[in-house]
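>>> Need coordinates for the below:
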Amino acid sequence: AFQKGQLNIDTDFDLTVFETLENPYDPNQRLALTGEKHGVFWDRAYFDGKLFSYFGVAPIFLIYFPFYFLTGHIPSDALACAVITALASVVLILLLLELINRLNTKVPFLLLILGMISLPCGALLWSSLTCANFYHIAVLFGILSITSFFLFLLKGERSFGKRRFVFLALSGVFLASTVASRPNLVIYLIVALPIFVSMLKDSKTLFSDISSFLVPTILLGALIMVYNHLRFGSPFDFGAAYQLTVFDVSKYSFSFSLIIPAIYHYFVHAPSVNRLFPYIHPVGRIFNSYGKTPFIYLDKTVGAFFFPAAWGVFLTPFVFANNKKARNTAYLSLVSVVIVAIIDMCFGGVHLRYVADIMFVLTLLGILTLLLFVGNQKRGSAKFAIAFSVVTALLIATVFVEIPLCFDNERDMILHYHPEFFKIFFY
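A predicted model of the protein is given here:
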């Protein structure tokens, strides 16, 4: 579409038929008219007689266009997801190392390696890669963007001169990129508040710091607002309310009655465990009540706390007992996670890829606290040996929870493209 100088997506489907419907966003009306439930228009935004993608535009400019200009081809969903997954894994690991360095605690080398391996697994990066499609491209790029924002912000806080300018500018770029890929993840900006306050209080180059961060943020933010206005008539309208999907999502709204179901589905929703390979399976479950909500999208998922690395968050009050700033930042992270889960529940529903919106934060904080907890124990003591063994088991278990989800997920790509892996266990 951009190559043709337009913002809407071309399709062979005659969109004018939707003009005859009382409510084109009602899936039953569309089905009765077209006979198609999942047509080429599925999960696209229909507005003013045109079809748009309401999924973030950032991957187009930062992944698709560079690849297209270099090769003359558009990358497949699998390749795009592979590139984003690799970059997000690196950024998450660098962020973990940055946090450990800032907290000045010696962590056993073996546990650090295990933490670096289990971090992308607990963040659901690999299972997202194995069901590559435009949904997961947006999710993965959102994770890459918001973690890059925090990494460069933390780097900038501790740097000086040109490096500080560059790091803060990059943090601004990736904050805008978050908005342009997965807008709900901007909620995690709450976690950055203590960092900003600290920089404002202690900075000797305040004007340079503010301008280096705000200039790219404002410029890119303005472009996003213009892009939204040109498509949907409002700078703050990303088009999600116009999607052609399982329900008229314009009727979605925040509901207090969904807070408890959100806690259940996003944190303690149990997987199915049986003898069928890969033994651990995401599963759909129904909560007791969803209040008066007109519709809830319920799909297969696994709650966050079935990934053992996330258990480390319960050590937060003990690990950061003597570090008020770190403790408050950790608490803000947990509050932000709960807010994101509730917002996703109210405006999206239940799905494993929605859980990915919170897993990278919970896993990062969980692994960080686990590693620091072991590092704070006296070497050679019984407490150290027990803590080392337990944390090792939790990190390894996290990997073994993620691996089955790579084989059993919404697209089942390994089953379809490499069934020989399944035959090893079935025959």
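>>> Going by C-alpha atoms from here, please, whenever you check contacts or count neighbours.
Will do.
>>> for the protein, which spans come out with low pLDDT?
For the chain, applying pLDDT under 70 flags the ranges 37-38, 426-427.
>>> Show me the strands in it, by range?
With DSSP state E, the ranges of strands along the chain come out as 45-47, 50-52, 272-273, 280-281.
>>> Dump these to a markdown table, plus distance to residue 5 and mean neighbour count.
Listed next are those as a markdown table, based on distance: least, Cα to Cα, whole Å; neighbours: other Cα atoms under 10 Å:
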| stretch | distance to residue 5 | mean neighbour count |
| --- | --- | --- |
| strand 45-47 | 18 | 22 |
| strand 50-52 | 14 | 19 |
| strand 272-273 | 48 | 13 |
| strand 280-281 | 44 | 22 |
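>>> Pull the number of nearby residues for residue 417.
The burial metric for residue 417, expressed as a neighbour count using other Cα atoms under 10 Å, is 9.
>>> quick one, helices of the stretch 101-250 of the chain?
Residue ranges of the helices in the stretch 101-250 of the chain, as given by DSSP state H, counting those that start in this stretch, are 109-122, 125-129, 134-157, 161-179, 193-202, 206-232.
>>> helices or strands next to the last one in the packing?
The one in question is helix 206-232. Where contact means 3 or more Cα pairs under 8 Å, 6 or more residues apart in numbering; DSSP states H and E, helix 206-232 is packed against helix 161-179.
>>> Quick one: work out the angle between the helix it packs on and helix 206-232.
Here helix 161-179 points in a direction 20 degrees away from that of helix 206-232 (axes from the mean of the first three to the mean of the last three Cα atoms, to 10 degrees).
>>> And residue 165, how far from residue 211?
With the distance defined as Cα to Cα, to the nearest Å, residue 165 ends up 9 Å from residue 211.
>>> Which one of these two is surrounded by more residues?
residue 165 (20 against 15).
>>> which ones are touching that one?
Contacts for residue 165 were tallied using Cα atoms under 8 Å, 6 or more residues apart in numbering; they are 156, 208, 209, 212, 213.
>>> right, and the pair among those residues with maximum separation?
Distance extremes for those: the farthest pair is 156 and 208 at 11.8 Å, using Cα to Cα.
>>> Neighbour count: the two, which is higher?
Remark: of residue 156 and residue 208, residue 156 carries more neighbours, 24 against 15, as counted by other Cα under 10 Å.
>>> Surely the more buried one and residue 162 touch.
No: in this structure residue 156 lies outside contact range of residue 162 using Cα atoms under 8 Å: 9.8 Å.
>>> Can you tell me how far the spatially closest residue to residue 425 that is not a sequence neighbour is from residue 28?
What sits nearest to residue 425 in space, not counting adjacent residues and going by Cα to Cα, 6 or more residues apart in numbering, is residue 277, at 6.8 Å. As for residue 277, its distance to residue 28 is 36 Å (criterion: Cα to Cα).
>>> out of the strands of the chain, nearest to residue 23?
Between residue 23 and the strands of the chain, the shortest gap by Cα to Cα is with strand 45-47, which sits at 11.3 Å.
>>> Show the contacting residues for residue 284.
With contacts defined as Cα under 8 Å, 6+ apart, residue 284 is in contact with 298, 299, 300, 301.
>>> and those, which are buried?
Restricting those to buried positions leaves 298, 299, 300, 301, with burial counted as 16 or more other Cα atoms under 10 Å.
>>> List the contacts of the second one.
So the one you mean is residue 299. Residues in contact with residue 299 (Cα under 8 Å, 6+ apart) are 283, 284, 350, 351, 352.
>>> What segments of the stretch 301-427 of the chain are helices?
Listed in chain order, the helices found in the stretch 301-427 of the chain under DSSP H, counting those that start in this stretch are 316-319, 324-347, 352-375, 382-407, 413-417, 420-426.
>>> which parts of the fifth one are buried?
By that I understand helix 413-417. By neighbour count, and taking 16+ other Cα under 10 Å as the criterion, the buried residues in helix 413-417 are 413, 414, 415.
>>> can I get those residues in a markdown table with distance to residue 424?
Putting the buried residues of helix 413-417 into a markdown table (distance: Cα to Cα, whole Å) gives the following:
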| residue | distance to residue 424 |
| --- | --- |
| 413 | 17 |
| 414 | 13 |
| 415 | 12 |
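>>> export the strands of the chain to CSV and tack on distance to residue 305?
Shown next, in CSV, are the strands of the chain (distance: least, Cα to Cα, whole Å):
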stretch, distance to residue 305
strand 45-47, 34
strand 50-52, 36
strand 272-273, 14
strand 280-281, 14
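>>> what's the closest non-adjacent residue to residue 131?
Closest residue to residue 131 apart from its sequence neighbours, by Cα to Cα, 6+ apart: residue 411 at 5.0 Å.
>>> ok, the one you found - contacts?
Residues touching residue 411, when contacts are defined by Cα under 8 Å, 6+ apart, comprise 130, 131, 132.
>>> Output these in TSV; the columns should cover distance to residue 147.
Compiled in TSV, the contacts of residue 411 are given as follows (distance: Cα to Cα, whole Å):
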residue	distance to residue 147
130	21
131	22
132	20
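>>> so, if you compare those residues, which one comes nearest to residue 107?
Nearest to residue 107, judged by Cα to Cα, of these is residue 130 at 31.9 Å.
>>> Relative to residue 346, how far out is residue 263?
Distance of residue 263 to residue 346, given as Cα to Cα: 12 Å.
>>> quick one, which of the two is more surrounded?
In terms of neighbours (other Cα under 10 Å), residue 346 is the more surrounded of residue 263 and residue 346; the figures are 24 against 17.
>>> so what's residue 282 up against?
For residue 282, the contact set (Cα under 8 Å, 6+ apart) comprises 271, 272, 300, 301, 302, 352, 405, 408, 409.
>>> Could you tell me the backbone phi and psi angles at it?
Dihedral angles of residue 282 (phi, psi; degrees, to the nearest 10) stand at phi -70, psi 150.
>>> And it, how close does it get to residue 346?
Counting by Cα to Cα, the gap between residue 282 and residue 346 amounts to 21 Å.
>>> Then residue 328?
In this structure, residue 328 and residue 346 are 27 Å apart, going by Cα to Cα.
>>> same deal with residue 382?
Distance, residue 382 to residue 346, using Cα to Cα: 47 Å.
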